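**Student:** Mind looking at a prediction? Sequence and model below.
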Amino acid sequence: MYNNKQIWSISYPILLGLLAQNIINVTDTAFLGHVSEIALGASAMGGLFYVCIYTIAFGFSVGSQIVIARRNGELQYRDVGPVMIQGCMFLLALAVLFFGFTKGFGGGIMRVMVSSDAIYDATMQFIDWRIFGFFFSFASAMFRAFYIGITRTRVLTINAVVMALVNVTLDYALIFGKFGLPEMGIKGAAIASVIAEACSILFFLIYTYITVDLKKYGLNKLRSFDVTLLVRVLSISCFTMLQYFLSMSTFFVFFIVVERLGQRELAIANIVRSIYVLLYIPVGALATTANSLVSNTIGAGGVQHVMGLVKKIARMDFLIMLGLAGAIVLFPDLTLFVYTKDASLIGDCIPSVYVICTAMLIASIANVAFNSISGTGNTRAALMLESGTLVFYVAYLLVVGVGFKPPVEICFTTEIVYYALLLTGSYIYLKKANWQNRKV
């Protein structure tokens, strides 16, 4: 049974890694908020389009992480490397496929999604450069799965700090034309993000070669493409791939609805989304830890300790979120000043910030419980639960957001509905379902 210190020792490098990784989204929003509302709205639409596709690769890596963690818990270390290698090969092929798809059809898709010509043009400037990041971010997802699966997470912090430093520096230089570089606005933000992701994968390659026992983990040989192994991993990953894609796609639908409310509303939503992303970092870190530790615990024959472990991680997550959300609720103006100096825009954002802070308190428990389901290996059940919850999410959003055209903060109450339903479903599954003896 893992104690709080052990849980935190695994979680905090993931948390710091996610913090640094999300500096890309936060700095894009913060810098572009000082350019124009059009640039701010376009970065939201273009960024979400990119992330929707990336989540397919991330979903595959999460499924791979479950398998890696189970083999690590079973002490079958040499079986870890083949999962990692086959995963990288598969995701690089997937990157080529999605790059070509976006080049061919991305403009047509965004034309349907975005009603404003000005925001559409700026969005396409962003996407045309941003999609080069597929080749780097897809491969990085597998390195992340490897290190989390073997519970060696500190490297994620170092890697993400490198990526964040590169992105912040280049964002400032390319958006505003500093250090002798051209002023490129939203296009510069996209290029900076791609270069930062390239630096991330370069760091992973060098670090892994220098510090990891390649022979121990079966990484010392580049194997030919193993269809049988890929199919075995996909039997777990296909559900997480679809699950993550559906989850992010519905959030994209949220922004499509808000975009039709107006340019100011879209700018508000993007700023609040950036705060949402920051608040989600400890939630995501501890949920990822729950996923990996549940799988490791079952692999080591400790299935009787799983529920106690889930409760312990959920309690830790809630207390952290209570402190963070409470601080933002007490000082919303100070937080929003990072994104804009426009007093009226800050005032318009504050009600939505309150709603998101409430939602994240529920999310802190819901995500730990939900990711624990995937950690048991039953990714099909996780997909079904997520899909059912998202149906209510979209229905609520369409009825409220489209039917009544309310203020943005009312639209954001969809997040409260989503996490409340996710928590309820996850709790029922963990208490009632037969997951204890599932093979991976």
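**Tutor:** It's in.
**Student:** Residue 181 in helix, strand or coil?
**Tutor:** coil (DSSP: H, G, I helix; E, B strand; the rest coil).
**Student:** Same question for residue 151.
**Tutor:** Secondary structure of residue 151, per three-state DSSP, is coil.
**Student:** ok, it touching residue 297?
**Tutor:** No. Counting by C-beta atoms under 8 Å, residue 151 stays clear of residue 297, with 11.2 Å between them. C-beta: built from backbone N, CA, C; applies to glycine.
**Student:** tell me how far stretch 252-266 is from the chain's mean position?
**Tutor:** Taking C-alpha atoms, centre = their mean, to the nearest Å, the mean C-alpha location of stretch 252-266 is offset from the chain mean by 21 Å.
**Student:** Tell me the helix or strand right after the helix or strand hosting residue 161.
**Tutor:** Secondary structure here is read from DSSP states H and E; on that basis residue 161 sits in helix 154-176. On the C-terminal side of helix 154-176, the closest following helix or strand by DSSP H and E is helix 186-211.
**Student:** Go through that next one and flag the buried ones.
**Tutor:** Of all the residues in helix 186-211, those buried under the rule 16 or more other C-beta atoms under 10 Å are 186-201, 203-204, 207-208.
**Student:** separation between residue 120 and residue 126?
**Tutor:** Here the distance between residue 120 and residue 126 works out to 11 Å (C-beta to C-beta, to the nearest Å).
**Student:** separation between residue 227 and residue 62?
**Tutor:** 21 Å.
**Student:** who has more neighbours, these two?
**Tutor:** With neighbours defined as other C-beta atoms under 10 Å, residue 227 and residue 62 compare such that residue 62 has more, 29 against 9.
**Student:** Not including adjacent chain positions, what is the nearest residue to the more buried one?
**Tutor:** Distances taken as C-beta to C-beta, 6 or more residues apart in numbering place residue 240 nearest to residue 62, at 4.5 Å, with adjacent residues excluded.
**Student:** what do you get for residue 335?
**Tutor:** The shortest distance from residue 335 to any residue that is not its chain neighbour, by C-beta to C-beta, 6+ apart, is 5.3 Å, and that residue is residue 328.
**Student:** Look up phi and psi at that neighbour.
**Tutor:** Backbone torsions for residue 328, taken as degrees, to the nearest 10, come to phi -70, psi -40.
**Student:** What does the pLDDT read for it?
**Tutor:** Here the pLDDT value assigned to residue 328 is 95.
**Student:** Contact partners for it?
**Tutor:** Residues in contact with residue 328, defined by C-beta atoms under 8 Å, 6 or more residues apart in numbering, are 275, 279, 335, 353, 357.
**Student:** how much space between it and residue 169?
**Tutor:** Applying C-beta to C-beta, one obtains 27 Å for the distance of residue 328 from residue 169.
**Student:** go on, residue 136?
**Tutor:** 17 Å.
**Student:** So between the two, which is more surrounded?
**Tutor:** The residue with the greater number of neighbours, taking residue 136 and residue 169 and applying other C-beta under 10 Å, is residue 136; the counts read 22 against 16.
**Student:** before we move on, the earlier item: pretty sure the residue nearest to residue 62 contacts residue 59?
**Tutor:** Yes. If you go by C-beta under 8 Å, residue 240 and residue 59 touch, sitting 4.1 Å apart.
**Student:** buried ones in stretch 302-320?
**Tutor:** Of the residues in stretch 302-320, those scored as buried under the neighbour-count criterion (16+ other C-beta under 10 Å) are 302-303, 305-306, 309-310, 312-314, 316-318, 320.
**Student:** Contacts made by that stretch with the rest, please.
**Tutor:** Here stretch 302-320 makes contact (C-beta under 8 Å, 6+ apart) with 1-2, 4, 7-8, 11, 282-283, 286-287, 289-290, 293-294, 297-298, 361, 364-365, 367-369, 372, 376, 430, 436-437.
**Student:** ditto for stretch 178-188
**Tutor:** Outside stretch 178-188, the residues that reach it (C-beta under 8 Å, 6+ apart) are 32, 35, 39, 42-43, 46, 122, 125-126, 129, 170-177, 191.
**Student:** Buried ones among those residues?
**Tutor:** When neighbours are counted using 16+ other C-beta under 10 Å, the contacts of stretch 178-188 contain these buried positions: 32, 35, 39, 42-43, 46, 122, 125-126, 129, 170-176, 191.
**Student:** Look up phi and psi at the closest residue to residue 33 other than its chain neighbours.
**Tutor:** Sequence neighbours aside, residue 339 is the residue nearest to residue 33 in space, at 4.3 Å (criterion: C-beta to C-beta, 6+ apart). Main-chain torsions, residue 339, degrees, to the nearest 10: phi -90, psi -30.
**Student:** Residue 339: what's it in contact with?
**Tutor:** Contact partners of residue 339, counting by C-beta under 8 Å, 6+ apart, are 29, 30, 33, 271, 274.
**Student:** quick check, nearest of those to residue 109?
**Tutor:** For the contacts of residue 339, the minimum distance to residue 109 (C-beta to C-beta) is 22.3 Å, reached by residue 29.
**Student:** Verify the stated contact: that closest one with residue 40.
**Tutor:** Yes. Here residue 29 reaches residue 40: they are 6.8 Å apart, a contact under C-beta under 8 Å.
**Student:** and for the two, which residues touch both?
**Tutor:** Overlap between the neighbourhoods of residue 29 and residue 40 consists of 270, 271, taking contacts as C-beta under 8 Å, 6+ apart.
**Student:** Have a look at these two and say which one is more surrounded.
**Tutor:** Using other C-beta under 10 Å, the more surrounded residue of residue 29 and residue 40 is residue 40, with 30 against 25.
**Student:** The helix or strand in which that one is found - what's its average pLDDT?
**Tutor:** Element membership of residue 40 [criterion: DSSP H and E] is helix 37-73. For helix 37-73, mean pLDDT rounds to 87.
**Student:** Fine by me, thanks again.
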